[in-house]
Structure formats: C-alpha cells, structure tokens
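K.L.:
Provide a 3D model corresponding to the input given below.
(one chain, ligands or ions: 2)
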Amino acid sequence: MGEVSLQKSDVLQVLAGLRLLGGKSLLASGQVRDVLLERHGDRVHVAVLVGQALPDDVEGQVKEAVGRLAAVATVKVVVSSEERRDRPMAAPRLGTATGEKAGGPPGPRVSFRPQPPLPKAPPGAAMIAVASGKGGVGKSTVAVNLAVALARLGLRTAILDADVYGFGVPMLVGLEEGPRLQDRKIIPPRAHGVQVMSMDFFVRDNRAVVWRGPMLGKTLRQFVEDVLWDDPEVMVLDLPPGTGDVALDVVQFFPQAAQLLVTTPDPYAARVAERAGRMALEQGVALRGVVENMAYLRCGEAGEVIYPFGRGGGDAAAHALGVDVLARIPWELKERNLRGNVAHPASEVGKIYRQLAEELFVQQERS
Ligand SMILES: Nc1ncnc2c1ncn2[C@@H]1O[C@H](COP(=O)(O)OP(=O)(O)OP(=O)(O)O)[C@@H](O)[C@H]1O
Ligand SMILES: [Mg+2]
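P.N.:
Numbers count the residues shown, from 1 in each chain. Ligands and ions are numbered 1, 2, ... in the order given. Okay, here's the model as predicted:
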C-alpha cells in the first residue's frame, strides 16, 4: 500500500482555483466551511463541507476537479448541518471591500475622529491589514509572505504598502520594476503573482516623505482608486507601526479591513501590540488573530529550538484581546538577501505562511 500524501491544502488549492459565475473563486465566496479527508489504505474519501447547497453545476465542478487529484476515491459535497454562531464562516472572517464587517469580537464603535469617506476598494476583495504596535517586529515581512502564500493558494492577491512613510514592500518582494501608466491609470507590477503598490515607486532617491494629514488620505485613495487592480480577491495591507495619528488615520481609512496583529515573543512588544489591537477594536475593526514573529530559532545540526527573544508574547497579546495565535514564525538567521525576503514554499517558514493563508480563508476544525 503506497503512502497517501494528499493533504487538505491540496484540496483547498483546487477549490481556490474554481471560479464561480462572476469569476470569484469558490474559496473566496466563503461558502466552504471545511474539507475533511478520510483515509482508507491508499484511497482518500473527501468531504467538502459547505454552508448552503451549491448550484448543481458548481457542485459538479467541485466533484470533478477534486476527483482528479491522485488517490481520491470519492468526493462528497455536504451542507454543514451545524451552523455555528460563534464561528462565522470563512471569507466573511476577513472584512470585505463592500463594507461588510469581519467576524471576531465586535468591540464598541467609538469614533473620536471624523471618519473619512471610504475609498472605493476593489469590489469583492477581502481586506486584511497587518498591524503591530511596535515598529520592526516584522509586519512587512509577514504581510508580503502572507500575500504570496495566498497567491500560491490560487487566490488573486494584491498587497498595498499602506506605510506611506516607511514603505519597503517592493524591496521585500524583490521587485525592481515599477508600475506602468495606461490612460492616466497606474498598473501595479507583480511579484510572486502578487500585485504590488507602494509609495516607494513614486519617491526618487529614497527621500523622506514629509506630508501628512489630508495628503495621506489622498495618497491612499489614489492607491486604491486610480490603480488598475486586476480584480483582486484578497488585498493585504501593510500598516505603519504604532498607535499614533498616522496609524490611526490609515486604520480609519480602511475600516473594512480585518486586522492581523504581529508581535515578537517579547512582553514589551506584546503590550504595545495589545494597545494597537484595542485601538482597532475601538474603531470597530475586526481582529482576526495574532502572529508571533521571531518566536524561536532552530540551531545546530539537530535543529535544537531556542528562544532568543523570550516566550509568551504572542499568547499574552492574543489572550488579552480574546483572539488566537494563528502562526508562530521562527527567527531565521540568514544572509540578508537584498532581492527580497519571501520564504520558499517548501521551507518551514513557507509552510507556516501557507497554513496561515488557509486559516484565514477556510474554517479549520479545532478540538
Ligand atoms: N522571522 C524573521 N527572521 C529573521 N529576520 C526577520 C524576521 N522577520 C523580520 N525580520 C527582519 O527584521 C527586520 C524588520 O522587519 P520588518 O521590516 O518586516 O518589520 P516591520 O514591523 O514592518 O517594521 P516597521 O515597523 O519599520 O515597518 C527586517 O530586517 C526583517 O528582514
Ligand atoms: Mg514595515
């Protein structure tokens, strides 16, 4: 009997590639609750749990496409009988650009600054913002790797460098070309399958950007509205650090974006991340969870795990905010590679980002 290597993620990848009417992927539609695999020897029975019955032709496509995977014996599409109120379904757990609120603790909506008019974000795109309290904890690194992992799952993905002062996304994805212009619209370049927009493209000689206030909103609005985005299903936002005015302005500009909080295991970083999370909740923004970056280091030939930055920061921030730690990313000692910082899909870190991307889109069963 051969070993069956089929994984849930293989099925998800197929589902992500299936387009419904209107070109939206089945995964992004939020209808998929879970995928269950039952192994019998070298054959696998697959059940795709959905929130409501799929149209016959869509169900047929699911069965056919999944059935083509090696080792799959049968494919069932099952309407999940248990509608869990406390666990909303996949895609709506991310905010969508139509203004729909994401799941998670709702938090009070306290508006203490005037709300700017919402930008016309690409219709249908779920937005997820990567935030932190402290600078330098790895937000941008997490944002680009998450975006690439989503694209690798087959979702049309864009990343918007909303850190209009501390922009660095193009370098992190190893982009050398800039955007092109077409009929006064900006066509974003792609890296690793992800469409990228950043202030970096418009600043010569790495000069400091000194504007603020209305200019900030204007720039962000242009990035969203004057850019010819290629119908993204997910847009990842790399937020500026901190809980000050600039971060608050950006958060208020994209209230439809659910937030992912990045912290290191350091208690101080976690405290500041917690404050950033509370700021988001006060704005009525949904929190999706915490990513603990630089969580551990593998060293020596045996890959012994040590904790150079301490332990517990991710758990502390998540506990305080009532969310989960969705990923723990190791600190990687490597030569600084100026051509980007995107993990290889087969590496330990690449797999962690892939799981994170799946977690954000598909309901995982937890015991
Ligand atoms: N897991 C990791 N292992 C090793 N180095 C990392 C890791 N994550 C981030 N770094 C490095 O740490 C530095 C800061 O990361 P990054 O720029 O992503 O943080 P940031 O939170 O976006 O910073 P800022 O607040 O300035 O925007 C970078 O040099 C990055 O390459
Ligand atoms: Mg950054």
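K.L.:
quick one: is the longest helix along the chain near ligand 1?
P.N.:
Within the chain, and with DSSP state H defining each element, the longest helix by residue count is helix 267-282. No - for helix 267-282, no contact with ligand 1 is found by CB under 6 Å from any ligand atom; the gap never falls below 9.8 Å. (C-beta placed from N, C-alpha, C; glycine too.)
K.L.:
Return the set of buried residues in that helix.
P.N.:
Counting neighbours by 16 or more other CB atoms under 10 Å, one finds that the buried residues in helix 267-282 are 269-282.
K.L.:
That one - what's its average pLDDT?
P.N.:
When pLDDT is averaged along helix 267-282, the result is 92.
K.L.:
same deal with stretch 14-31?
P.N.:
In this model, stretch 14-31 has a mean pLDDT of 72.
K.L.:
Need the residues that contact that stretch.
P.N.:
Taking contacts as CB atoms under 8 Å, 6 or more residues apart in numbering, the residues outside stretch 14-31 that touch it are 12, 32, 35, 48, 50-52, 54, 58, 61-62, 65-66, 68-69, 89-92, 124, 126, 153-156, 231, 233-234, 361-362.
K.L.:
That one spans what distance, first to last residue?
P.N.:
The first and final residues of stretch 14-31 sit 15 Å from each other (CA to CA, to the nearest Å).
K.L.:
What of stretch 164-179?
P.N.:
The first residue of stretch 164-179 is 16 Å away from its last residue (CA to CA).
K.L.:
what's the answer for stretch 126-137, then?
P.N.:
Its start and end residues considered, stretch 126-137 measures 24 Å (CA to CA).
K.L.:
Check the offset of that stretch from the chain's centre.
P.N.:
Between the centre of stretch 126-137 and the centre of its host chain there is 10 Å, according to CA atoms, centre = their mean, to the nearest Å.
K.L.:
coming back round to it: show the subsequent helix or strand relative to the longest helix of the chain.
P.N.:
The C-terminal neighbour of helix 267-282 among helices and strands, as given by DSSP states H and E, is strand 287-293.
K.L.:
Report the buried residues of the next helix or strand after that next one.
P.N.:
Past strand 287-293, further along toward the C-terminus, the next helix or strand under DSSP H and E is strand 297-299. Within strand 297-299, the residues that count as buried by 16+ other CB under 10 Å are Leu297.
K.L.:
and the closest residue to Asn145 other than its chain neighbours, what is it in contact with?
P.N.:
Counting by CB to CB, 6 or more residues apart in numbering, Asn145 lies nearest to Tyr353, which is 4.6 Å off, once chain neighbours are set aside. Residues near Tyr353 by CB under 8 Å, 6+ apart: Asn145, Leu146, Val148, Ala149, Ala327, Ile329, Ala343.
K.L.:
and Tyr353, how far is that from ligand 1?
P.N.:
In this structure, Tyr353 and ligand 1 are 11 Å apart, going by CB to the nearest ligand atom, to the nearest Å.
K.L.:
mean confidence score for stretch 327-334?
P.N.:
90.
K.L.:
can you start the count at 32 instead of 1 from here on
P.N.:
In the new numbering, first residue 32, that becomes stretch 358-365.
K.L.:
what's next to that stretch, contact-wise?
P.N.:
169, 173, 322-330, 339-340, 345, 379-380, 383-384, 386-387, 390.
K.L.:
hmm, 7 Å instead?
P.N.:
Outside stretch 358-365, the residues that touch it by CB atoms under 7 Å, 6 or more residues apart in numbering are 322-329, 339, 345, 379-380, 383, 386-387.
K.L.:
just stretch 168-178 next, same as before
P.N.:
Against stretch 168-178 from outside (CB under 7 Å, 6+ apart): 161-163, 188, 190, 199-200, 203-204, 225, 267, 269-270, 272, 293-295, 300, 322, 324-325, 372-374, 384, 387-388.
K.L.:
if we can go back for a sec, summarise which helices and strands the longest helix of the chain is packed against.
P.N.:
Here helix 298-313 touches helix 276-284, strand 289-294, strand 318-324, helix 344-352, going by 3 or more CB pairs under 7 Å, 6 or more residues apart in numbering; DSSP states H and E.
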